[in-house]
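S.K.: my questions are about this predicted structure, shown below with the sequence.
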Amino acid sequence: MSKLTKNQKIAEEKVDFGKQYRLLEACRLVKDTNYAKFDASVDLAVRLGVDPRKANQMVRGVVTLPHGTGKVTRVLVLCTPDKENEAREAGADYVGLDEFVEKIKGGWTDVDVIICTPSVMGKVGALGRILGPRGLMPNPKTGTVTMEIGKAVKEVKAGKIDFKVDKTGIVHAAVGKVSFTAEQLAENALELLNTIVKLKPQSLKGTYVKSIFISSTMSPGICIDSKTFSAAE
């Protein structure tokens, strides 16, 4: 096991690893134990009691974080010319079709979200092998295949994220930056947790939310009491 740095030791001494913290308390602690020199991301890891291999236990959804993610989201819109102005006016970073399809085929994926209209899915579908593994494939379920291009771009820019359970049964999602207040982090985390709870598969027997951890890029993981998502003290 690698030796802890001085900063890691100081951070870990502040955390009681046998304790389950209330949400707001955990958010304060994640800020207090972050020793990065940059504005680190704060992430939530929610372990669910589902079997992701079963189609009826797949947990996937979208959530708009009240305070956004704190990062600039680069949006590419793939659409026909009649939708290009709508996309640009809504704040899309890149707009077009064939030239971007060719760029992606050449390995370019320097964006965070791709939105497209249903009519171009034939061309976009051919990029599945490149976009799929990077989580960039547009999907009607997450609102990224839509005729309402302007609305979709604005929502993504405002802090709308999509999430899904991975093959180990964990949902990973960013809920802000360490520069956020603890209250902002707690409100973002609560919005995500409440959304996950609403998506509980009907076929599931037993415990749904098994554990919740919050951490920043450079802080230890802090366990949140999964029996109470309350942000109150």
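M.R.: Now that the structure is in, tell me what you want to look at.
S.K.: please make it C-alpha for all contacts and neighbour counts, starting now.
M.R.: Fine.
S.K.: grab the most central residue of the protein for me.
M.R.: Central residue check for the chain by Cα atoms, centre = their mean: the C-alpha nearest the mean position is that of Ala173, 3.5 Å away.
S.K.: that one in helix, strand or coil?
M.R.: On the three-state scheme (DSSP: H, G, I helix; E, B strand; the rest coil), Ala173 is labelled strand.
S.K.: state the pLDDT value of it.
M.R.: According to the prediction, Ala173 has pLDDT 94.
S.K.: and what of Met1?
M.R.: Among the per-residue scores, Met1 shows a pLDDT of 43.
S.K.: so, low pLDDT: which residues of the protein?
M.R.: Scanning the chain for pLDDT under 70 picks out the ranges 1-4, 8, 11, 229-233.
S.K.: now do the strands in it.
M.R.: Counting by DSSP state E, the segments of the chain that form strands are 41-48, 60-64, 75-78, 94-96, 113-116, 160-164, 170-177, 209-216, 222-224.
S.K.: next, format the ones you listed as CSV and append distance to Glu84.
M.R.: Below are the strands of the chain laid out as CSV (distance: least, Cα to Cα, whole Å):
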stretch, distance to Glu84
strand 41-48, 32
strand 60-64, 24
strand 75-78, 8
strand 94-96, 6
strand 113-116, 11
strand 160-164, 21
strand 170-177, 30
strand 209-216, 37
strand 222-224, 44
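S.K.: one step back: my guess is the residue nearest to the centre of the chain contacts Ser41. True?
M.R.: No: with contact taken as Cα atoms under 8 Å, Ala173 and Ser41 are classed as non-touching, separated by 10.0 Å.
S.K.: shared neighbours of those two, anything?
M.R.: Residues touching both Ala173 and Ser41 by Cα atoms under 8 Å, 6 or more residues apart in numbering: none at all.
S.K.: list the contacts of the nearest residue to Thr64 once chain neighbours are set aside.
M.R.: Sequence neighbours aside, Lys160 is the residue nearest to Thr64 in space, at 3.9 Å (criterion: Cα to Cα, 6 or more residues apart in numbering). Remark: with contacts taken as Cα under 8 Å, 6+ apart, Lys160 is in contact with Val62, Val63, Thr64, Leu65, Gly68.
S.K.: quick check: the farthest pair among those residues?
M.R.: Val62 and Gly68 (13.0 Å; Cα to Cα).
S.K.: more neighbours, the two?
M.R.: Here Val62 and Gly68 are set side by side on neighbour count (other Cα atoms under 10 Å), and the busier one is Gly68, at 22 against 16.
S.K.: do you know how far that one is from Lys157?
M.R.: 8 Å (Cα to Cα, to the nearest Å).
S.K.: what of Lys167?
M.R.: 28 Å.
S.K.: can you pick out the residue with more neighbours from those two?
M.R.: Residue environment comparison for Lys167 versus Lys157 gives the larger neighbour count to Lys157, 21 against 12, counting by other Cα under 10 Å.
S.K.: picking up where we left off before, residues contacting the residue nearest to the centre of the chain?
M.R.: If you count contacts by Cα under 8 Å, 6+ apart, Ala173 has them with Asp43, Leu44, Ala45, Phe163.
S.K.: for it, name its beta-bridge partners.
M.R.: In this structure, Ala173 has beta-bridge partners Leu44, where bridges are defined by DSSP bridges.
S.K.: so Glu183 touches Glu25, yeah?
M.R.: No: using Cα under 8 Å, Glu183 makes no contact with Glu25, being 9.5 Å away.
S.K.: would you mind finding the longest helix in this structure?
M.R.: helix 182-198 (DSSP state H).
S.K.: to the chain's geometric centre, what's the distance from that helix?
M.R.: Helix 182-198 sits 12 Å away from the centroid of its parent chain (Cα atoms, centre = their mean, to the nearest Å).
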